[in-house]
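J.: Kindly generate the corresponding structure for this input.
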Amino acid sequence: MEWKFKKPDGPNWPKDENGEPVAPVYLKHISGGPLDLEVALNLLDAYDIPHVGEYPNNGEFGKLIFGQPPSGIEIFVPETMLEDAKNVLSADVVIEDEELK
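T.: Sure, this is the predicted structure:
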């Protein structure tokens, strides 16, 4: 697998008990315009969830020619943060009664 944004051993990538980087796991495929990708990545960044991406098929070539990958992008996050990342991108907002007052 070839990483396109940053390697999963950067300063924010969590480490396991042996000091090795936690394995990246598949989070989501994002297709559509560049705004869809930017929103998802910025949400992950806002919650300090590191991520890496991979352009499937010839997506990197399409990004070079057209400015965006025609087949979308695959987003990967650390295995230990998968549930948090899913919750952040699910957009399920729960408003507590106390916040309404």
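J.: where are the low-confidence patches of the chain?
T.: 1-11, 57-70, 92-101 (pLDDT under 70).
J.: residue ranges for the strands of it, please.
T.: Ranges of strands in the chain, per DSSP state E, are 24-30, 52-54, 73-78.
J.: which one of those has the most crowded surroundings?
T.: Highest mean neighbour count among the strands of the chain (mean count of other Cβ atoms under 10 Å): strand 73-78, with a mean of 23. Placement of C-beta: from N, CA and C, glycine included.
J.: Pipe the strands of the chain into TSV and attach distance to Leu43 per row.
T.: Shown next, in TSV, are these (distance: least, Cβ to Cβ, whole Å):
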stretch	distance to Leu43
strand 24-30	11
strand 52-54	14
strand 73-78	11
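J.: For stretch 30-41, buried residues please.
T.: By neighbour count with 16 or more other Cβ atoms under 10 Å, stretch 30-41 contains the buried residues Ile30, Leu37, Ala40, Leu41.
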